[in-house]
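1. This is a predicted model, with the sequence first.
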Amino acid sequence: MEALTITQVAARLQMPEETVLSQLGEKGMPTQAAKQTLAEFAKQHRRTPQEVYAALQAATPPAAAPAAHAGAGMGLRVKTVADVASELCISAESALARLKQYKIQAQPQDTTRTVASNANVRPFDVVELLKQAVR
């Protein structure tokens, strides 16, 4: 998520770019550079990429907002570690480091099902561990 530009984040949130820029301005983070990455923009405003994304998500109309919980809905078992990390606005490296803290070995392309099976836990548990990396 951090590597996405403001324009790409707008597309992901199904919001017009102008609306995203306006929302950021209203949240005290003005910009005219929609080609900045979320990481660059966050650093410029002394925020984390997760804080910026969360501010935009909060301003997203409910019908357009992506799933509120990473891994929500069908397909949790086929999502990769990289997919879940992206939904949580963390890097794949951060996700892998979090799993490694619990002695769970994984690669970004591994599905949560595979990681869970190798660790003798449920895919849901893998996602919950990754969510803790955001808090």
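-> Received it, and whenever you're ready, just let me know what you need. Numbering: from 1, shown residues only.

2. Local confidence estimate at residue 38?
-> Looking at residue 38, its pLDDT reads 84.

3. Kindly report the same for residue 23.
-> At residue 23, pLDDT is 84.

4. Kindly report the same for residue 41.
-> Confidence score, pLDDT, at residue 41: 87.

5. which other residues reach the helix or strand containing it?
-> According to DSSP states H and E, residue 41 maps onto helix 38-44. With contact meaning C-beta atoms under 8 Å, 6 or more residues apart in numbering, helix 38-44 is reached by 1-6, 9, 24, 29, 31, 33, 36, 48-49, 51-53, 89. Glycine gets a C-beta too; all of them are placed from N, C-alpha and C.

6. burial of the closest residue in space to residue 52 that isn't next to it in sequence, as a residue count?
-> Nearest residue to residue 52, sequence neighbours excluded (C-beta to C-beta, 6 or more residues apart in numbering): residue 42, at 4.8 Å. Residue 42 is flanked by 20 other residues according to other C-beta atoms under 10 Å.

7. Also residue 86?
-> Using other C-beta under 10 Å, residue 86 has 21 neighbouring residues.

8. Figure out the helix or strand that it lives in.
-> Using DSSP H and E, residue 86 sits within helix 81-87.

9. who does that helix touch, helix- and strand-wise?
-> With contacts defined as 3 or more C-beta pairs under 8 Å, 6 or more residues apart in numbering; DSSP states H and E, helix 81-87 has these neighbours: helix 92-101, helix 112-119, helix 123-132.

10. Surely residue 82 is in contact with residue 108?
-> Yes. Residue 82 lies in contact with residue 108 (C-beta atoms under 8 Å); the separation is 4.0 Å.

11. Give me the common contacts of the two.
-> Listed as contacting both residue 82 and residue 108 by C-beta under 8 Å, 6+ apart are 92, 95.
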